[in-house]
Each structure stands twice: as C-alpha cells, then as structure tokens.
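Student: sequence unknown, structure follows:
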C-alpha cells in the first residue's frame, strides 16, 4: 500500500527527475494515481518520466492525464512514439483527446493511426458532442446463445484482454443485434456445462449512441449497473459505456450548473488553470448584462424623484427591501433548478410548485414583515430618525416585504421552469439574474405602496 | 427490452392493481426500474404488488425503494414477513434503512434479525454518520495467496452468490489482513494453473471505515475502480464499497452544496415530498439571519442621513452599486466553492487566488465603472435629473463601483476559503450571504467617497 509520505516522495521525484528512484517509486502506484500526481505538478519533465514507465503503465497513465499534459508529452515525441501512443490508447479516451484538438492537429494525428483505429475514431467523432457515442468504447465481449459457460470463459480468457470491462457479457444474434446482457458474475456462479441460453432472460437496458449523455446518467442511476451496452437505432450492438466515465460527466454537469447559477458562464477549465483574461471575459459577460438590468433601478427611482425628495426616509429601507426579494428568489430558484436536474420536478408539476411557492412566499414574507415592523417601531421609541409618521412607514415597509418576497419566490421558481419548457438551460436563471429582476419590480412596488399609504401625510 | 409504452402500462397496472397483468409485466423489468416506478407512484397497494413478485425480485426491489415506501410496505407485513425481509436485504441497504428509523422501531427491528445479521447491523450502525463504514457491505470474496486460479474460480462458483460484487477479489493473509486487491478480470484472463501469488503486485488502495464518505468519493474518482476494500485502522479487511453507492453520495452532496449556496438549509428530501412547514422552516432560518444583516444597511444609510437629505440624487444609484458588489461576490464565491469541492483549490493556494481575484475585481469593476459613467453623462446631456454636478456624481459612482466589485470578489473568494480552513462548510457562505456583507460595506464606501468628492459642491 502506498502511504501519504511515499506519495509525497514520489511527487518530489517527479519534479527533481531522479530517474532511478522514480522508476522504483512509480512501480508502486497505480497509473491513475501517477497521472493525478503529474496533473497536479508544474515544471516536470514529462518525457523523462514516461521513459522509465513500462509500456502498459505508460499508456494507462497517459489516458488519465489532463489535456494540456497529454499535448505537452505528445509534442516531445518522435513520429514513431506519437503513432504508437495514439494507436494504443483506448478508443473512448482517444475520442476525449481528439475532440479537443485543433483541426490541423486532428488531421495529422488521424493519419498516424492504423486503418482500423482511424475508422473507429472517425466513427466515434461523428456522434454529436455530449452524445453517448462520444463516451463509448467499441471494445466489449459478445457471445452467442448456444455456447456453454465453459466456452464463454475460454473465449474471455483468449479475447478479453482488450475489453474495457468484462463485468458484463453481451449476447448477440448472428447479425450482431443485441439480445441479452448477462453479468459475468452469472457465468462465474453457474455450472460450467450450462448453456448461455439457460442464463438468458432477454431483459436488458440499452443506450442509444445518439442520445444525450444526460440520458446515460439517468439510466445508470436507475439501474445500478457497472456498464451498459450502446446500440444504434436499429438495435445493433456498437459499444459499451462504463460507469466511471459517467461519474466524470455527472461532475462536469454539476460544475456547469453551479457556476451558471452563481451568475457566471461555465469556466470549462479548473479555476487555477484557466487563463486570467479568459476567466474575466466569462465573468464580465453576465456581470455587464446584470448591470444594464440593474440600471433600471436608477430609472425606477428617478421616476419617483418627487416622492423621494419629500420623503428621504423611504430610501433608508431600499437596500433591505430589494435584498429580501433577491434572497427569497435565489432560494426558490436554487431549489427548483436542482429538483429539475434530479428529475424530481418537471413542467407537469407547475401547479404544485406555484401552490407551494405562494404559501412559502406568504409565510416567509410575513415573518420578515413582522421583524421589519418591530425594528421600525422599536427604533422610533428611542430616536426620531423615522419622523412622526413612523407607523405608516412601518406599514409601508411591511406590506412591501410581503409583496416582494412573494414575487421573489414566484419569479425564482417559475422562470427556471419556463426556461426548461422552452428548451433553454434553467441554470441560466441564476441567483443574480432573479435578484436583478426582483430589484426593479420591488422598487416600483415599494414606491407605489408608499404613495398609497403615505399620501396626505408624508407625501 | 422494455419500451417506454410498456413502462407506462406497468405504471398503470401498479395503480389499478390488476394482479395478473402486473405479474406478467413486472417480470419484464429489472428490480431497480420497478422500484423507480413504485417510488414515483402515489396511492398504490404496495402489498399487492409485492405478493406477485418472486422472493429474490421482491428483495432487490425493496432495497431500491424510498424510505417512506419501505416503511409503508413493512407496516403492512406480518412479523414473519417482516423478519424475512429484514434478514434478506443486503447489509449496506439495511444500514441505510435502519439509520433513519425512530429509536423504538430500530430496537424492535433489531430483535427480528438473526444473531449474525444483528451483529453485522449493529457493527455497521456504530460507524459515525457520513462515514465510509455506513456505506460498506461485509459481503466480499477473499482468497489466499497459495491458491491456484482454478481454485479461486471454483471458490467463487461456490461462495460468490452472496457477495455484493465479484469484480474484485481480495487476498488476505492467515489473520484476515488485506494484502492485495485483484480484479476478477485477471483471474478470467490468466492460465488456470497459475497461482494467486503470480497475479499479485501487492499494490492496492484501501479505504478506512472511519473516514468520511468524501474521502471515498475522491479515491473512487482517482482510481477508476468499481469497488474498493474497506479496512479497520489495523488493516483488517472488514468490507467493500461499490461505486454505485458512491454515485448516490456524490449526488446528495452536490445537492446539499447547491441548496446551501442558494441561501437555504439543505432540504434533505425531494422538493415535492418535503412537508411545506418544514420547507418554510429550512428557508426562513437563513432568510431571517440575512434580513438582520441587511438591516445594517438601514443603519448605515441612517448614519449618512444629513448627506442623503442634501443630495437625494445619490440614492438613485444605491441599488445599482450594492447589487454589482453582490453579483461579483456571488460569482467569486461560486467559483471558489466549487473548485474546493473538486479539490482544484486548497488553502495552500490562497495567495494565487487573491492575486487572481484582485486582478479580476479591478478589471470587472473598471468595466462597470466605465458603463456607469457613460450612463450618467449621456443622461445628463438630455435631462437634468442628476443636476449640475453630474460629472462629480459620475466620478463618485464609478470609483465606488471599482471598490465595491473588488471588495465583492475578495470577500466572495476568501470567506469560503477561511471557512474551509476553520473546518466549516464553505458552501454556507452562500451567494445571499456574500451579497448582504457586500451591501453594508458597499454603502459605507459609497457615502464616504461621496463625502470626499462632493464636499464643497453638493454636500
């Protein structure tokens, strides 16, 4: 077992480039861990490290490197080394690398592949971005229904080495159409003279290569499988997807959702690795849009300029009111967006959601209204900052709070649902977006209520 | 294969309780899918459905039911049925059920278990909540190093039926200490007369039962394994965890993070299922705390009451300024919290983060400052709403925007890092929390700058 200290030592060796020690230590870690260490290190001589690794470990380590480390290493290779590496990595990892390449590099790399690998790669790259086809590997084990368990085990022993996983064995008919999906477990537990057909129940779940990767996530979650077969739309078995690839996709999608929800474009790269100008650009876009939206608050307040001049005391509560609307809207939007991402809420539940949010909004708004009114009355017994009409001002603030919180919860819950219904990404209706919307309308509500309640006294 | 129509038909049968059709259709779906359908249905007769399922399918389906459906079914059982079900479900699913039970039910259910199962269950429940021990199952296959591949395969055929997964085979010494972790794949691909010791490399990754489940998530991501062995702190092999359990945990943790970040307590239940009063309580807590924080804005503005009365025009830009600070803070907090959750950023990177955020804050603030200044100058050529001192007002607003956006990005990035360093959950520093903090300080900055720039003219 590798201890934390040994890992640290290995990380040091990676940087210092002490080859003898490196060879010794790197033999002790799994390729995935080695790749993790390399990904986290800066200024290391990648070529040196890969020279001391044996061929199989080098390939497995390469498959787990980040894109820029992969490109750095490939850039240092001779054409022969480059060609060997590109041909040996597994098809799904190759697709992940190739789909990021600039066009000219892509064409050059394709010429370095053997005819067979090039054909596979081109086929996989033809599937739409974010489709299941881009995640799958065509290396799987398929058997026929008239084989015996012993025949299957012998076949696996001879041909299984290239398969991405042998946790599931697929049964196809003579034309290659998928007819069953059997766990290798069943073959290991069954008497060896049984026939494949004895183990079959013809119940299987398959993915369609052209479907979105989100479909794969949902089905993996529902079925608790380690691997799922992928077919074309005719039912021809063309590949498999393993759950570890899906875990990575889940994480990427959650990251995108979270970042969008925070009011920024998805970075698509780790925080510390993305170039600063690019990060600023991704953040500036939404910030400027929101700023333009928020400028409407200045217009709204300008519209009530006369009232403002007569009752400056009203402005004291402006930040309190608009932020309460924004906060309640942010809560509602978060809950609904996540619930939709998890499939707990769909458009069909709109009426249930409205009912819940109206009741929540009224309850939450009333709580804040009571606290706000208490604050104004208590302050008014000690100071006269709020003037002689503090009671009416308190009423205005309280009613506005109820209205603005109600409006926040409704906008926060309904806008994401509408966006989803319209085929847009609901996570775009970020907390800042909802807050900005509620700010403008909240101000209008506040000054309108003030006009109604304070007319003849303060106004 | 089950089509969408057949699934819908099955869902209908579940509700209508047509037993004959139900038996026929339920034979066609996997237990996980059946459970999914039941979880999504209301008002179905659970007992009827489980009567038509064969024993193994019933248990597997039960394991995948939601807690309230599980309790509903168990409540309808006789003591014998109850005891049979509780004894047959797999230990990790039993832990998941038992840890939610009220104390008296827990004690009653424990008495219904066989001595052996009770011992196992009690041991698993002793592990801290959210620890790896709560996720593990003690059903695994361990072999000795002097066995041959054939012996291992025979052993699996005889004893593998109860194991949660046989994707990995564990090698233990005579005392039960873990000495290697070998993929079943290696046994399937190796010549059958080889010895286990020939396949061993003594390299394995193990989890500690007392570690937090987040550790398991990280290690599963790093190692791309389907199952990992769990040991006690001495290295004794006591269980395994499979990746499908970890996928569920990842999703739960992301949901908690997202909800907290939206300024609400984690619901811990699906949006449409949680009782309304409970949801309101979970949302009201933070909303009230934030409201109290935001009341400081009224105090801050009250403090500048004299200036406000002299220059009411300044109030027009209050919402614009505080929301810009809040939005930039929300962006920074989102990016940092997610980067920390993914392990991309740790406390050790604080200096890098500060440098990036200072530069981002200055750049973003300057962009908004320019837009804000343009707005004020353009409006001033057409109206005189901003008065004769519009130029100085424009300067005040612009400088404040730079300061408030810079402060927003710094607070938004540093507060989550500090919380993490202090051992708190960084997701608590939600978008609304950062916004509230920036609101109060932003107002103080605005009126202080106004005092400096406008003294002698407007003030």
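Tutor: Noted; the coordinates are in hand. It should be emphasised that the depicted structure is a prediction, and the values quoted were computed from it without experimental measurement.
Student: Could you use CA atoms for every contact and neighbour count after this?
Tutor: Will do.
Student: pLDDT below threshold where in the stretch 251-400 of chain A?
Tutor: Residues of the stretch 251-400 of chain A meeting the criterion pLDDT under 70: none.
Student: ditto for the stretch 101-250 of chain A
Tutor: Those would be none, if you go by pLDDT under 70 across the stretch 101-250 of chain A.
Student: residues from it in reach of chain B?
Tutor: Contact residues, the stretch 101-250 of chain A versus chain B (Cα under 8 Å from any Cα of the partner chain): A:153, A:156-158, A:160-161, A:166-167, A:185, A:188-191, A:202-205, A:221-226, A:244, A:247-248.
Student: Which members of these are positioned in helices?
Tutor: A:153, A:156-158, A:185, A:188-189, A:221-223, A:244, A:247-248 (DSSP state H).
Student: can I get those in JSON lines with distance to residue A:326?
Tutor: Formatted as JSON lines, those follow (distance: Cα to Cα, whole Å):
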{"residue": "A:153", "distance to residue A:326": "62"}
{"residue": "A:156", "distance to residue A:326": "60"}
{"residue": "A:157", "distance to residue A:326": "62"}
{"residue": "A:158", "distance to residue A:326": "63"}
{"residue": "A:185", "distance to residue A:326": "54"}
{"residue": "A:188", "distance to residue A:326": "59"}
{"residue": "A:189", "distance to residue A:326": "59"}
{"residue": "A:221", "distance to residue A:326": "34"}
{"residue": "A:222", "distance to residue A:326": "36"}
{"residue": "A:223", "distance to residue A:326": "39"}
{"residue": "A:244", "distance to residue A:326": "39"}
{"residue": "A:247", "distance to residue A:326": "34"}
{"residue": "A:248", "distance to residue A:326": "33"}
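Student: Quick one, which of those residues are buried?
Tutor: Among those, those classed as buried by 16 or more other Cα atoms under 10 Å in any protein chain shown are A:153, A:156, A:157, A:185, A:188, A:189, A:221, A:222, A:223, A:244, A:247.
Student: Say whether chain B is contacted by whichever strand or helix holds residue A:277.
Tutor: Residue A:277 belongs to helix A:276-303 when elements are defined using DSSP states H and E. Yes: contact between helix A:276-303 and chain B, assessed by Cα under 8 Å from any Cα, occurs at A:276, A:280, A:283-284, A:287-288, A:291, A:294-295, A:297-299, A:301-302.
Student: Check these for burial and list the buried ones.
Tutor: A:280, A:283, A:284, A:287, A:288, A:291, A:294, A:295, A:297, A:298, A:301, A:302.
Student: quick check, nearest of these to residue B:239?
Tutor: Taking Cα to Cα as the measure, residue B:239 sits nearest to residue A:283 out of those, at 45.9 Å.
Student: Distance-wise, check the nearest residue to residue A:356 once chain neighbours are set aside relative to residue B:72.
Tutor: Residue nearest to residue A:356 in three dimensions, not counting chain neighbours: residue B:276, with 7.0 Å by Cα to Cα, 6 or more residues apart in numbering or on different chains. Using Cα to Cα, to the nearest Å, residue B:276 is found at 21 Å from residue B:72.
Student: dump the residue contacts of residue A:366.
Tutor: A:398, A:401, A:402 (Cα atoms under 8 Å, 6 or more residues apart in numbering or on different chains).
Student: Following the stretch of helix or strand the second one belongs to in sequence, what is the next regular element?
Tutor: So that's residue A:401. Per DSSP H and E: residue A:401 is located in helix A:390-421. Going down the chain from helix A:390-421, the next helix or strand is helix A:431-454, by DSSP H and E.
Student: does any part of that next one sit near chain B?
Tutor: Yes: using Cα under 8 Å from any Cα, we find that helix A:431-454 touches chain B at A:431, A:432, A:436, A:439.
Student: Now do that helix, average pLDDT.
Tutor: The predicted model assigns helix A:431-454 a mean pLDDT of 87.
Student: so what secondary structure elements neighbour that helix?
Tutor: helix A:276-303, helix A:318-341, helix A:390-421, helix B:318-341 (3 or more Cα pairs under 8 Å, 6 or more residues apart in numbering or on different chains; DSSP states H and E).
Student: Now tabulate those in CSV and tack on distance to residue A:77.
Tutor: Formatted as CSV, these follow (distance: least, Cα to Cα, whole Å):
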stretch, distance to residue A:77
helix A:276-303, 30
helix A:318-341, 43
helix A:390-421, 47
helix B:318-341, 32
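Student: Of those, give the one that comes closest to residue B:362.
Tutor: Of all the helices and strands packed on helix A:431-454, helix A:276-303 comes closest under Cα to Cα, at 10.1 Å.
Student: Any idea how far the following helix or strand past that closest one is from the middle of the chain?
Tutor: Using DSSP H and E, the helix or strand that follows helix A:276-303 in sequence is helix A:305-310. Centre-to-centre, helix A:305-310 and its host chain are 48 Å apart (Cα atoms, centre = their mean, to the nearest Å).
Student: So which residues make contact with helix A:305-310?
Tutor: Residues outside helix A:305-310 that contact it (Cα under 8 Å, 6+ apart): A:301, A:314, A:315, A:451, A:458, A:459, B:312.
Student: go on, stretch A:398-413?
Tutor: Outside stretch A:398-413, the residues that touch it by Cα under 8 Å, 6+ apart are A:321-322, A:324-333, A:335-336, A:353-354, A:357-358, A:360-362, A:364-366, A:368-370, A:372-373, A:434-435, A:438, A:442, A:445-446, A:449.
Student: same thing but at 7 Å, please
Tutor: The contact list for stretch A:398-413, computed with Cα atoms under 7 Å, 6 or more residues apart in numbering or on different chains, reads A:321, A:324-326, A:328-330, A:332-333, A:336, A:354, A:357-358, A:361-362, A:365-366, A:368-370, A:372-373, A:434, A:438, A:442, A:445-446.
Student: Kindly report the same for stretch A:237-253.
Tutor: By Cα under 7 Å, 6+ apart, stretch A:237-253 touches A:135-140, A:176-178, A:217, A:226-232, B:224, B:247.
Student: Let me see the domain layout of chain A.
Tutor: With domains defined by automatic domain parsing, chain A comprises A:4-130, A:142-246, A:276-454.
Student: Tell me which of those is the most buried.
Tutor: domain A:276-454 (a mean of 20; mean count of other Cα atoms under 10 Å in any protein chain shown).
Student: what's the first-to-last distance across it?
Tutor: 51 Å.
Student: before we move on, the earlier item: please produce a markdown table containing the residues of helix A:276-303 next to chain B, extended by distance to residue B:257.
Tutor: Output for these, formatted as a markdown table (distance: Cα to Cα, whole Å):
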| residue | distance to residue B:257 |
| --- | --- |
| A:276 | 26 |
| A:280 | 24 |
| A:283 | 21 |
| A:284 | 24 |
| A:287 | 23 |
| A:288 | 27 |
| A:291 | 27 |
| A:294 | 28 |
| A:295 | 31 |
| A:297 | 31 |
| A:298 | 34 |
| A:299 | 36 |
| A:301 | 36 |
| A:302 | 39 |
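Student: Show me the two of these that sit farthest apart.
Tutor: Taking every pair in the residues of helix A:276-303 next to chain B and measuring Cα to Cα, the maximum separation is 37.5 Å, between A:276 and A:302.
Student: quick check: mean pLDDT across stretch A:71-86?
Tutor: 91.
Student: Among the contacts of stretch A:237-253, which lie within helices?
Tutor: Per DSSP H, these map to helices at A:217, B:247.
Student: Could you measure from residue A:187 over to residue B:172?
Tutor: Separation of residue A:187 from residue B:172 (Cα to Cα) stands at 25 Å.
Student: Just say helix, strand or coil for the closest residue to residue A:209 other than its chain neighbours.
Tutor: In space, and not counting its chain neighbours, residue A:209 is closest to residue A:133: 4.4 Å by Cα to Cα, 6+ apart. Under DSSP: H, G, I helix; E, B strand; the rest coil, residue A:133 falls in the helix class.
Student: Contact partners for residue A:133?
Tutor: A:124, A:127, A:209, A:210.
Student: any chance of those in TSV, with secondary structure and distance to residue A:307 too?
Tutor: Putting those into TSV (DSSP: H, G, I helix; E, B strand; the rest coil; distance: Cα to Cα, whole Å) gives the following:
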residue	secondary structure	distance to residue A:307
A:124	helix	66
A:127	coil	61
A:209	coil	63
A:210	coil	60
